[in-house]
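[1] Fold the following and give me the result.
(one chain, ligands or ions: 1)
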Amino acid sequence: MDFAPLLQCFKQLSLNDQEHKGMKATDKPDRAFLEILFAKKAKPSLEECLDVCSIISYAYPPSVIPLAHLQPMFISDLRLETHHHGRALYLKTFGHPKCVQAVRNAVEDLKGDVDRLVVYNTHPTSPAERILCTRLLWCVSHLLHLQLGDERIPAVLRPRVVRSYEEAIVLKAEGNAVYGRKAFVEAVEYYSEALQASCTEGKESLRYDLYRNRASANLLLGRFEGALADADAAIIPSAPDSGVLKEATAKLNGKAYYRAGRAAYALRNFPRAAEYFRKGEQCSPSGDADAKQEVKRAAYRLEEQRTGRYDFAAMSEAVSATRNNRLDHADFTTRVEVRDAEIHGRGLFAVEALKMGDLVLCEKAFGVVFASEKIKALDMTVNLNTNRLSLATRSTLRLNLLQKLSHNPDQARAYSNLYDGGYTPRTPPQLVDGLTVVDTFRAAAILEYNVFICPSERSSDQAPGKNNNEDGSGTDLGGSIGVWLLASYINHACNGNATRAFIGDMMIIRAVRDIGAGEEVLMPYINQWNDQPATLAQLKVEWGFECDCKFCEADANTTKAQLERRKAPSEVASRFLSPQPLPNAANIRKAEKMLTELKATYDYVGSARNRPDLALTGLGTWLCQAHISASSPRKVIACANRLLGDLGYGVSIANNTVVIDHASGCPGTSAVDAAMYAAHAHYSLGERKLGGHYEMFAERLYVVMLGEKRGFAERYECLELLRA
Ligand SMILES: C[S@@+](CC[C@H](N)C(=O)[O-])C[C@H]1O[C@@H](n2cnc3c(N)ncnc32)[C@H](O)[C@@H]1O
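    Model (predicted):
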């Protein structure tokens, strides 16, 4: 579908709006109208319903000036299409919030003037009440939500400030009540208010309770950095030496350590998590069972992190058994590091020598949205800055990430280090008035250069040989999609030395050939290496660069006359293969002739010179299969070796040993198939050792491409009989 006209239309609308820049709005709603519009149970208006598209407007930098230094302003000062830099607008909501794409409510300012406030970039699953509820006060510059007791609230709007210990107790009880109803955002607010109040000397136990409770609510909201800080603050440093009080303190500390451990675990700080869980375990005389379990779990993660040893079969099984593709595993990153790259900006480099098939990196998604997940429809996002339009999953991922970043400043900083396509100005995430200010425009730009498409469950589900759009490459229109922080530093090469596969939200990157210590890790962003024009066009459009790898260089050196000569035999071969012809002698002769003609149009196929086209590998594969049908194992072996050669894998056999040089191979199902045809032909001739060498190579390549062995035995089951 061509979205260009739609995009153009949005751009034009935005330009039209610019004509009113600096003017005062003349069509402001009055209070009576707003009271009806935001009455309890009021239906969304037609205008609100038509707002089915989120528009990322022309970018402007976020406000990073603390509230104390902003000049107050009023609704009457607002001007159309104008960013009121350096100003703050204090508003109080007075309607019932509605959530239609964005969250809306009626607001009034200090003079009693009214208007509608619409907040975008909220998560689609957050109820409107959480975002613009009636008991909140807002300052609008960037949106800063002020607690009721906040002294920055102008006196006229300021509600009574809770100061006494007794009031703090009431607030804590209210917090607990809303927590019980799973209203965790509100619970955090109550606990925070109570914390402002409960500063009375000698009442510290209330503070510990409040921090501990807030840690729990923050944990459930995914605000892990806040949860960790709260849980830390909830740890009671000194306890009486003995007696009931000692026991009670240990119990409370056990809870605090447990929550701190869970937050650290969620932040993937496994050593720290393990430490907290261990301390939690020690708080109970018989050893807390939950904490014990968590100590064990953290130990597994530490082991994965240290050794890179994962039980991929079990991970894959877990995805099927639980239907949960968000896996609980650590990252393995010790074999690589980020450095300045020759090709472009930063890249990822091997810090030790790696062999073909070795794990380069295994990483859990920083953020991911699976197509299979029920997404409350956010239909479309149009980015006027990058001229891109994204659908369901990508829009949801953007909102998820914004939530994660704005509540976890350290994670926001890690995300903000990723490539942003040269976005300016580069405002780093920073804490202003206790909030992490995230430049949402830049965050969206970063997303566009760093997303990977992933399969719904795992790479091995894909039917091998099919170039379906679930291989972690290419453009998506609503498919599963995610961001992997470290993998994002990997630069592209069509003939890269690594490739990626997925199990759930874990990205598994393996070496497709040996990689020297200090060598840059490169992988193809798009895996359709046999369609060069499409690949290059996509790289240009999506990632903004032209590839100059060895393949592309060879392609660029291919003359027009050569391409012209290749066109006809390539088309003839494609027609011959679709539908697959009968494997009789006449067709075999025909295929051999076509293959010779096609190969004559290449200077040199394989060995990283020219990428072999689909017709060529198709003919090679068909010939192997035809000779299997004709029970001609020697011919199968010859054809399989030729196909492997055309794919860049040099095969040599000496002293009853097969050596496959994979230094310049094009990894793919065709190569795995070819090796397996050769393996089974040798088995059928009783040459078990030679067959075994081919099979080992095939299996290794299969795991490189799909991340695990699952499906390998089934795929080659029919050939298996020959080995017996
Ligand atoms: C996911 S980032 C890779 C990391 C990036 N080089 C960095 O400095 O953070 C993707 C961007 O890297 C650049 N890039 C990747 N591979 C490249 C290549 N082969 N040639 C030129 N630029 C490349 C492009 O600008 C692309 O949009």
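[2] isn't A194 right next to L171, touching?
    Yes. Between A194 and L171 a contact is recorded at 3.7 Å, counting by Cβ atoms under 8 Å. The C-beta positions use only the backbone N, C-alpha and C, and glycine is treated the same way.
[3] how many neighbours does K296 have?
    11 (other Cβ atoms under 10 Å).
[4] Next, it: phi, psi?
    The phi and psi values for K296, taken as degrees, to the nearest 10, are phi -70, psi -40.
[5] pLDDT of stretch 370-384, averaged?
    The average pLDDT within stretch 370-384 is 72.
[6] same check, this time on stretch 61-68
    For stretch 61-68, the per-residue pLDDT averages 84.
[7] So that it lines up with my notes, have the first residue be 52 from now on.
    From this message on, residue numbering opens at 52, which makes the last subject stretch 112-119.
[8] Residue numbers of this protein in contact with the ligand?
    Selection of the chain residues close to the ligand by Cβ under 6 Å from any ligand atom yields 394-398, 470, 500-501, 539-540, 542-544, 594-596, 598.
[9] about what we covered before: out of A245 and L222, which sits in the more crowded spot?
    Set A245 next to L222 and count neighbours by other Cβ under 10 Å: A245 wins out with 27 against 24.
[10] that older thread, just the ones in helices from the residues of the chain next to the ligand, please.
    If you go by DSSP state H, the residues of the chain next to the ligand have Y500, N501 in helices.
[11] From the domain annotation, what segments belong to each domain of the chain?
    Residue ranges for the domains of the chain, per automatic domain parsing: 286-357, 363-602, 610-653+663-774.
[12] Distance from the chain centre to the last one, please.
    The reference is to domain 610-653+663-774. 36 Å (Cα atoms, centre = their mean, to the nearest Å).
[13] so for that domain, what's the average pLDDT?
    Rounded mean pLDDT across domain 610-653+663-774 is 92.
[14] need the contact list for K79.
    The neighbourhood of K79, defined by Cβ atoms under 8 Å, 6 or more residues apart in numbering, consists of I126, V165, D166.
[15] thinking again about what came up before, for I107, which of the domains of the chain is the nearest?
    domain 363-602 (4.2 Å; Cβ to Cβ).
[16] how far does that closest one stretch from start to finish?
    32 Å (Cα to Cα, to the nearest Å).
[17] How far does that domain sit from its chain's centre?
    Put simply, domain 363-602 sits 6 Å off its chain's centre (Cα atoms, centre = their mean).
[18] Separate out the buried members of the residues of the chain next to the ligand.
    R397, G398, Y470, Y500, N501, S539, Y540, N542, H543, A544, W594, C598 (16 or more other Cβ atoms under 10 Å).
[19] Wait, the first one touches R390, no?
    This means R397. Yes. Between R397 and R390 there is a contact under Cβ under 8 Å: 6.7 Å.
[20] So for stretch 382-395, what gets flagged as buried?
    D382, F383, T384, R386, V387, A392.
[21] Would you convert these into JSON lines that also reports distance to E70, pLDDT and secondary structure?
    JSON lines is the format used below for those (distance: Cβ to Cβ, whole Å; pLDDT from 0 to 100; DSSP: H, G, I helix; E, B strand; the rest coil):
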{"residue": "D382", "distance to E70": "51", "pLDDT": "98", "secondary structure": "coil"}
{"residue": "F383", "distance to E70": "55", "pLDDT": "98", "secondary structure": "strand"}
{"residue": "T384", "distance to E70": "52", "pLDDT": "98", "secondary structure": "coil"}
{"residue": "R386", "distance to E70": "56", "pLDDT": "98", "secondary structure": "coil"}
{"residue": "V387", "distance to E70": "52", "pLDDT": "98", "secondary structure": "strand"}
{"residue": "A392", "distance to E70": "45", "pLDDT": "97", "secondary structure": "coil"}
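[22] Pick the one among those residues closest to T647.
    A392 (41.3 Å).
[23] Excluding chain neighbours, give the residue nearest to the closest one in space.
    G398 (3.0 Å; Cβ to Cβ, 6 or more residues apart in numbering).
[24] dump the residue contacts of that neighbour.
    Counted by Cβ under 8 Å, 6+ apart, G398 has contacts V389, R390, D391, A392, Y540, I541, N542, E571, V572, L573.
[25] Where does the second one sit, in terms of helix or strand?
    What it means is R390. Assessed by DSSP states H and E, R390 sits inside strand 387-391.
[26] which residues touch that strand?
    By Cβ under 8 Å, 6+ apart, strand 387-391 touches R397, G398, L399, F400, A401, V402, V411, L412, L537, Y540, V572.
[27] From start to finish, how long is stretch 114-123 in a straight line?
    Start to finish, the residues bounding stretch 114-123 are 14 Å apart (Cα to Cα).
[28] List the buried residues in that stretch.
    Buried residues in stretch 114-123, defined by neighbour count with 16+ other Cβ under 10 Å: S114, V115, I116, L118, L121.
[29] and if you look at stretch 562-572?
    A562, V563, R564, D565, I566, E571, V572.
[30] Redo those residues as a markdown table? Include secondary structure, pLDDT and distance to G146.
    Below are the buried residues of stretch 562-572 laid out as a markdown table (DSSP: H, G, I helix; E, B strand; the rest coil; pLDDT from 0 to 100; distance: Cβ to Cβ, whole Å):
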| residue | secondary structure | pLDDT | distance to G146 |
| --- | --- | --- | --- |
| A562 | strand | 98 | 59 |
| V563 | coil | 96 | 59 |
| R564 | coil | 95 | 63 |
| D565 | coil | 97 | 65 |
| I566 | strand | 98 | 60 |
| E571 | strand | 97 | 56 |
| V572 | strand | 98 | 54 |
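[31] Name the residue of the protein that lies nearest to the ligand.
    G396 (2.4 Å; Cβ to the nearest ligand atom).
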